[in-house]
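Asks: the following block contains a protein sequence and its predicted model.
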Amino acid sequence: MTNPPGILISAPSSGTGKTTVMLGLLRALAEDGLTVQPFKSGPDYIDPAFHRAAAGRASFNLDSWAMGDPLMTSISAQADGADIVVAEGSMGLFDGVAKPGELGHGSSAETALRMGWPVVLVLDVGGQAQSAAATALGFKMYNPDLPFAGVILNRCASPRHERLTRLGMERAGLPVLGVLPRRGDLTLPERHLGLIQAIEHPDLESAIVSYAAFLREHVDLEAIKRAASSGPIGPSSTALPRPPAQRIALARDAAFSFTYPHLLKGWRAAGAEILPFSPLADEAPAADADLVWLPGGYPELHAGTLADANTFLSGLRNHAKTKPVHGECGGYMALGQALIDKDGVQHEMAGLLGLVTSYKKRKFNLGYRKAELLAPLPGFTKGAVLRGHEFHYSSIVDQPDAPLARVFDAEGAEGPQTGSVCGNVTGTFFHLIAEASE
């Protein structure tokens, strides 16, 4: 089985402009009449919604640390019918797990190798000229097996700066696929977990149109199309995640939106019904739902509104009397007793768990997680091993309930954030990606 030809947009580090390049490229190729399939390498909750807005086609995460080959194959098969694949990397190209024997495991480079997608490296050349070629050459040579399409030079200051930087690339034998001049208006708004969400952008369509025009003016789109390639990805697979219930009430709004697209795709493909509702609009979950699922998001920014959402809270509590409720990260926090906001104000939450969290007392939590369940979680039995990702700044003030799991980081160190279980209610700080395949 072979996917449509593709490329992977990456960079030496975060903050180099690759997301702007990605969105502009997706829209420019779509404007050229191509059906473009976006993907995101790694465990990002926010970018896929931006990709969908730019390409008009759902974007999916591919994660070689958390996903086994059958699931990777099933997700990559979502490119069926596309003319070209454009994937966006996470962090730096080779950044991944640092466990001995697993250097770079889960990296964007690993995804590109797995899929046969040549890498387009976005380089911020501010403050350097020919020296940028040494950086790019190092990335090309670090793994000679990795297909390398060329570079896009970002934040170029002047024609002279471009000429000198191109000379370095020419000497290093590296194709220059585009040169982007500095444009301060092409940055996307950010907050503490990265970019703001696509649904919160004040004028996302205009921004994407601007990115596409900018890319079209300064990047060789035809060269990028020619560079696209892919490799065999193995036999077809139907390994998308199975639904944890038949009728799933799913919180969906600016406070609860971090759900991996492949999970929803798998649930729907197996015949489950997704019943969205908005806690911020004080909507209760469907009374006839079999399960209520609260994804992650930004409840810490909307704590007062959630505390006053009596219809939502009453419906949630009524459901939990007889049927399961699960919360991930922000959803977990909302299921707790209280949430303390950045100003130190305590807001009462659902009280279905004893958890008290604080966004004033911040602690950075980031990384892959492996969880060994000590109790059932909707869709999984006690003893199941799950893989996921955690990214939040809130800290735990109190966690009196029974632990849901033993939770380990990617290097095998056990952590204190075990999740909670109380009656029909479960919660975790990690976002589920897949059941472990080994």
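Replies: Structure received. Numbering: from 1, shown residues only.
Asks: contacts, neighbours, all on C-alpha from now
Replies: OK.
Asks: show me the protein divided up by domain.
Replies: Using automatic domain parsing, the domain parsing of the chain gives 6-227, 247-435.
Asks: direction included, what does whichever strand or helix holds Val397 pair up with?
Replies: Here Val397, judged by DSSP states H and E, is contained in strand 395-398. Strand pairing for strand 395-398, determined by DSSP bridges: strand 356-358 (antiparallel).
Asks: residues in contact with the helix or strand following the strand holding Val397?
Replies: Downstream of strand 395-398, the next assigned helix or strand under DSSP H and E is strand 402-403. Residues external to strand 402-403 that are found in contact with it (C-alpha atoms under 8 Å, 6 or more residues apart in numbering): Leu374, Thr418, Gly419, Ser420, Val421, Cys422.
Asks: give me the buried subset of those residues.
Replies: With burial judged by 16 or more other C-alpha atoms under 10 Å, the buried subset of the contacts of strand 402-403 is Leu374, Thr418, Gly419, Ser420, Val421.
Asks: quick check: closest non-adjacent residue to the third one.
Replies: Of all residues not flanking Gly419 in the chain, Thr428 sits nearest, at 4.2 Å (C-alpha to C-alpha, 6 or more residues apart in numbering).
Asks: repeat that for the first one.
Replies: Once its chain neighbours are removed from consideration, Leu374 has its nearest residue in Ala405; the separation is 4.8 Å (C-alpha to C-alpha, 6+ apart).
Asks: so how far is the host helix or strand of Leu23 off the chain centroid?
Replies: Per DSSP H and E, Leu23 falls inside helix 18-31. Distance, stretch centre to chain centre, for helix 18-31: 17 Å (C-alpha atoms, centre = their mean, to the nearest Å).
Asks: buried ones in that helix?
Replies: Using 16+ other C-alpha under 10 Å as the test for burial, helix 18-31 gives 18-30.
Asks: tell me what that helix is packed against?
Replies: Where contact means 3 or more C-alpha pairs under 8 Å, 6 or more residues apart in numbering; DSSP states H and E, helix 18-31 is packed against strand 6-10, strand 36-41, helix 47-55, strand 84-88, helix 204-218.
Asks: one more pass at 6 Å, please.
Replies: Secondary-structure packing of helix 18-31 (3 or more C-alpha pairs under 6 Å, 6 or more residues apart in numbering; DSSP states H and E): helix 47-55, helix 204-218.
Asks: can you list the contacts of strand 402-403 in TSV and add pLDDT?
Replies: Below are the contacts of strand 402-403 laid out as TSV (pLDDT from 0 to 100):
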residue	pLDDT
Leu374	98
Thr418	95
Gly419	97
Ser420	98
Val421	98
Cys422	98
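Asks: what about those residues, which are in strands?
Replies: Ser420, Val421, Cys422 (DSSP state E).
Asks: got a list of what Gln346 touches?
Replies: Applying C-alpha atoms under 6 Å, 6 or more residues apart in numbering to Gln346 gives the contacts Leu339, Ile340.
Asks: that one pairs with what?
Replies: What pairs with Gln346, by the bridge criterion (DSSP bridges), is Ile340.
Asks: could I get the full set of helices for the stretch 201-350 of the chain?
Replies: Ranges of helices in the stretch 201-350 of the chain, per DSSP state H, counting those that start in this stretch, are 204-218, 221-227, 261-269, 303-307, 310-320, 330-335.
Asks: which residues touch the spatially closest residue to Ser358 that is not a sequence neighbour?
Replies: Counting by C-alpha to C-alpha, 6+ apart, Ile340 is the residue found nearest to Ser358 once chain neighbours are left out, at 4.4 Å. Going by C-alpha under 6 Å, 6+ apart, Ile340 touches Gln346, Ser358, Tyr359.
Asks: same list, the residues you listed, but as CSV with distance to Ile152 and pLDDT please.
Replies: Compiled in CSV, the contacts of Ile340 are given as follows (distance: C-alpha to C-alpha, whole Å; pLDDT from 0 to 100):
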residue, distance to Ile152, pLDDT
Gln346, 47, 96
Ser358, 42, 94
Tyr359, 38, 89
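Asks: among these, which one lies nearest to Ala281?
Replies: Set against Ala281, the nearest of those by C-alpha to C-alpha is Gln346 (20.9 Å).
Asks: picking up where we left off before, CA atoms only: put the strand holding Val397 into CSV for me.
Replies: The C-alpha coordinates for strand 395-398 follow below in CSV (Å, rounded to 0.1, in the frame of the first residue of the first chain):
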residue,chain,number,x,y,z
SER,A,395,-0.8,21.9,39.8
ILE,A,396,-2.7,19.5,42.2
VAL,A,397,-3.6,21.0,45.6
ASP,A,398,-5.6,17.9,46.8
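Asks: quick check: mean pLDDT across that strand?
Replies: Mean pLDDT, strand 395-398: 92.
Asks: just how off-centre is it within its chain?
Replies: Relative to the centre of its chain, strand 395-398 is centred 25 Å away, using C-alpha atoms, centre = their mean.
Asks: which residues touch it?
Replies: With contact meaning C-alpha under 6 Å, 6+ apart, strand 395-398 is reached by Leu355, Val356, Thr357, Ser358, Arg362, Lys363.
Asks: of the residues you listed, which is the nearest to Phe139?
Replies: Lys363 (32.6 Å).
Asks: tally of neighbours for the closest one?
Replies: Neighbours of Lys363 under the rule other C-alpha atoms under 10 Å: 13.
Asks: so it, which state does it fall into?
Replies: Assigned with DSSP: H, G, I helix; E, B strand; the rest coil, Lys363 falls in the coil class.
Asks: I'd say it and Tyr393 touch.
Replies: Yes - if you go by C-alpha atoms under 6 Å, Lys363 and Tyr393 touch, sitting 4.9 Å apart.
Asks: tell me which helix or strand in this structure has the weakest average pLDDT.
Replies: Least confident helix or strand of the chain, by mean pLDDT, DSSP states H and E, is strand 190-191 with a mean of 52.
Asks: beta partners of Ala87?
Replies: With DSSP bridges as the rule, Ala87 is bridged to Leu8, Phe39.
Asks: residues contacting it?
Replies: Leu8, Pro38, Phe39, Lys40.
Asks: identify, from those, the entry nearest to Leu93.
Replies: Nearest to Leu93 out of the contacts of Ala87 is Leu8 (C-alpha to C-alpha; 9.7 Å).
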